[in-house]
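*Asks:* Give me a model of this one.
(chains A and B)
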Amino acid sequence: GAFGGEKKKKESIFDLSKYIDKPIRVKFQGGREASGVLKGFDPLLNLVLDGTIEYMRDPDDQYKLTEDTRQLGLVVCRGTAVVLICPQDGMEAIPNPFIQQQDG
Amino acid sequence: MAATQASNPSQLLPLELVDKCIGSRIHIVMKNDKEIVGTLLGFDDFVNMVLEDVTEFEITPEGRRITKLDQILLNGNNITMLIPGGEGPEV
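*Replies:* So this is what the prediction gives:
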């Protein structure tokens, strides 16, 4: 195969430890979405989320999220099903990139 | 240095949490609209699961589907979430 017989140590391209104890949003194969506080993870991207809320999809339109949510509490998310992970806030403060303001 | 994460003792490993659940009720949410509640007897590296006293729920048609006793082997391929101590969906 592509390995050529070499054993390669599994390296993460992304460090989830900075999201520990922070609320994150997770999307799954099959369209499910959930959010919760990240309590743990492994290199295979299995996750432990606390205070998890699942966002239910609209039965008529699979891509539309409804107001409907359900509380799931402490859950383990299968890394094989995870397609997206992002911080719940989704943003952070950065220094002002527009240093020079042009007056109109 | 290396990009590999060191084992952080203060965090909770997902499969450890599943392991702690052995002998207790667990609620499994599949990728589709199916959910399974049962007593966890064990699981393997692929998180295929052996469950007992199982109830299978189909969420869309709104109702309990099948109650199976004895043991089942649940294929881990389609598992999305595992909820320790979960009772299953409100029906």
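
*Asks:* which parts of the lowest-mean-pLDDT helix or strand in chain B are buried?
*Replies:* Within chain B, confidence by mean pLDDT, DSSP states H and E is lowest for strand B:63-74 among all helices and strands, at a mean of 82. Across strand B:63-74, burial judged by 16 or more other Cβ atoms under 10 Å in any protein chain shown covers B:Ile72, B:Leu74. Every C-beta, even on glycine, is put in place using the N, C-alpha and C of the backbone.

*Asks:* Run the chain-centre distance for it.
*Replies:* Relative to its chain's centre, strand B:63-74 lies at 13 Å (Cα atoms, centre = their mean, to the nearest Å).

*Asks:* Give the rounded mean pLDDT of the longest strand belonging to chain A.
*Replies:* In chain A, taking DSSP state E as the definition, the longest strand is strand A:65-77. In this model, strand A:65-77 has an average pLDDT of 84.

*Asks:* again with stretch B:41-57
*Replies:* Average pLDDT, stretch B:41-57: 95.

*Asks:* Dump the helix or strand B:Leu17 falls within to CSV, keeping only the CA atoms.
*Replies:* Here B:Leu17, judged by DSSP states H and E, is contained in helix B:14-20. In CSV, the C-alpha atoms belonging to helix B:14-20 read as follows (Å, rounded to 0.1, in the frame of the first residue of the first chain):
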residue,chain,number,x,y,z
PRO,B,14,-14.5,9.0,25.4
LEU,B,15,-13.9,5.2,25.4
GLU,B,16,-13.2,5.2,29.1
LEU,B,17,-16.6,6.8,29.7
VAL,B,18,-18.2,4.0,27.6
ASP,B,19,-16.2,1.4,29.6
LYS,B,20,-17.6,2.8,32.8
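
*Asks:* for that helix, packing partners?
*Replies:* strand A:33-41, strand A:47-57, strand A:65-77, strand B:34-43, strand B:79-84 (3 or more Cβ pairs under 8 Å, 6 or more residues apart in numbering or on different chains; DSSP states H and E).

*Asks:* Next secondary structure after that helix?
*Replies:* As assigned by DSSP H and E, the chain's next helix or strand after helix B:14-20 is strand B:25-30.

*Asks:* Point out the residues in chain B that sit beside chain A.
*Replies:* Within chain B, the positions lying close to chain A (Cβ under 8 Å from any Cβ of the partner chain) are B:2-5, B:8, B:11-15, B:17-18, B:29-32, B:47, B:60, B:76-77, B:79-84, B:86, B:89.
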